[in-house]
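> Please find the sequence and the predicted model below.
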Amino acid sequence: MARPDPNSLPLLPPLADMPEALRDVRDERRRAFAWFYVFNGANGAAAATAAGYSDIKNACNVRAHHLLQREDVQAAIKALTTRYLF
């Protein structure tokens, strides 16, 4: 799978400017995953790769699935879509 072009995705804002639910996600890569998931059209594998997770043997597909099961990541995605897309 090709890596997403990092120049085509908006950069993460400073932590203080993020919605509270996104600040509550303690791991920086999980925060980045939620951010890139919202801004790349809900492509979990591409979001995982952009957030820095491994893409060896399509591991990013599995990682994206696991991340999307986490309640903190789900809350962050909901907060981001509410703030930026609607």
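Looks like it came in fine.
> From the centre of the protein outward, give me the first residue you hit.
Taking Cα atoms, centre = their mean, the centroid of the chain lies closest to Phe33, which sits 1.9 Å from it.
> in the chain, which spans are helices?
Secondary structure of the chain (DSSP state H): helices at 20-23, 28-39, 44-50, 59-69, 71-80.
> what stretches of this protein score poorly on pLDDT?
Of all residues in the chain, those with pLDDT under 70 make up the ranges 1-7.
> Relative to its centre, which residue of this protein is most distant?
Max distance from the centre of the chain (Cα atoms, centre = their mean): Lys57, 20.0 Å.
> circling back to that earlier point, quick one, which of the helices of the chain is nearest to Pro10?
helix 28-39 (5.6 Å; Cβ to Cβ). C-beta: built from backbone N, CA, C; applies to glycine.
> Does the closest one pack against any helices or strands, and if so which?
helix 20-23, helix 44-50, helix 59-69, helix 71-80 (3 or more Cβ pairs under 8 Å, 6 or more residues apart in numbering; DSSP states H and E).
> Take that helix, keep the C-alpha atoms, and write them as PDB.
Provided in PDB are the C-alpha atoms of helix 28-39 (Å, rounded to 0.1, in the frame of the first residue of the first chain):
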ATOM      1  CA  GLU A  28       0.400  10.600  20.600                       C
ATOM      2  CA  ARG A  29       0.200   8.100  17.800                       C
ATOM      3  CA  ARG A  30      -3.400   7.300  18.800                       C
ATOM      4  CA  ARG A  31      -4.200  11.000  18.700                       C
ATOM      5  CA  ALA A  32      -2.500  11.200  15.300                       C
ATOM      6  CA  PHE A  33      -4.500   8.200  14.000                       C
ATOM      7  CA  ALA A  34      -7.800   9.800  15.000                       C
ATOM      8  CA  TRP A  35      -6.800  13.100  13.300                       C
ATOM      9  CA  PHE A  36      -5.700  11.400  10.100                       C
ATOM     10  CA  TYR A  37      -8.700   9.100  10.100                       C
ATOM     11  CA  VAL A  38     -11.100  12.000  10.000                       C
ATOM     12  CA  PHE A  39      -9.100  14.000   7.400                       C
END
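> in that helix, what's buried?
Using 16 or more other Cβ atoms under 10 Å as the test for burial, helix 28-39 gives 30-39.
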